[in-house]
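Peer 1: Sequence and predicted model, in that order:
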Amino acid sequence: MNQQNEDALQVIRHMVRDDKKSATVLGFGPRFLHSTGQAYKGGPTSGVFLQITCDDKIDLPVPGQKYTFSVVKARRPAAISLYCRSGGVARYAFTSAKT
């Protein structure tokens with residue numbers, strides 16, 4: 001992530017906030033998942049979430065495993081989506097950007 005990308009996403013976030021009159025947040029990296037999950041845990045099932053991912057330029061093996069970190073990262077959105085559906089979260093969308 002760079003400042004130009006963050007600025008563009010903030011513009012989009014503010015447009016959604018202003019148009020829908022809803023609270024919005026923007027977060028990056030794996031740390032946002034825990035924070036966001038804790039913030040909405042046990043709350044209303046009206047949340048709408050968008051996660052943007054990308055392919056890795058370099059893929060590294062997970063020590064002692066037959067898979068790579070990119071495989072783990074690629075599987076995470078599906079797992080999160082299943083968790084959200086089981087917890088009653090209204091909508092969760094993913095999109096992948098090419099690097």
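Peer 2: That came in fine, so what should we check first?
Peer 1: Residue ranges in the chain under the pLDDT threshold?
Peer 2: 29-45, 76-99 (pLDDT under 70).
Peer 1: could you pull out the helices for it?
Peer 2: Ranges of helices within the chain are 3-20, 31-40, 69-86, based on DSSP state H.
Peer 1: Contacts for the first one, please.
Peer 2: This points to helix 3-20. By Cβ atoms under 8 Å, 6 or more residues apart in numbering, the residues outside helix 3-20 that reach it are 22-26, 28. C-betas here are computed from N, CA, C, even on glycine.
Peer 1: Swap in 10 Å and give it another go.
Peer 2: 1, 22-26, 28, 48, 50, 52, 97 (Cβ atoms under 10 Å, 6 or more residues apart in numbering).
Peer 1: Could you dump those into JSON lines with distance to residue 65 and neighbour count added?
Peer 2: As requested, the contacts of helix 3-20 are exported to JSON lines (distance: Cβ to Cβ, whole Å; neighbours: other Cβ atoms under 10 Å):
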{"residue": "1", "distance to residue 65": "27", "neighbour count": "8"}
{"residue": "22", "distance to residue 65": "41", "neighbour count": "11"}
{"residue": "23", "distance to residue 65": "39", "neighbour count": "6"}
{"residue": "24", "distance to residue 65": "37", "neighbour count": "15"}
{"residue": "25", "distance to residue 65": "33", "neighbour count": "11"}
{"residue": "26", "distance to residue 65": "32", "neighbour count": "12"}
{"residue": "28", "distance to residue 65": "26", "neighbour count": "11"}
{"residue": "48", "distance to residue 65": "34", "neighbour count": "13"}
{"residue": "50", "distance to residue 65": "30", "neighbour count": "14"}
{"residue": "52", "distance to residue 65": "26", "neighbour count": "12"}
{"residue": "97", "distance to residue 65": "26", "neighbour count": "9"}
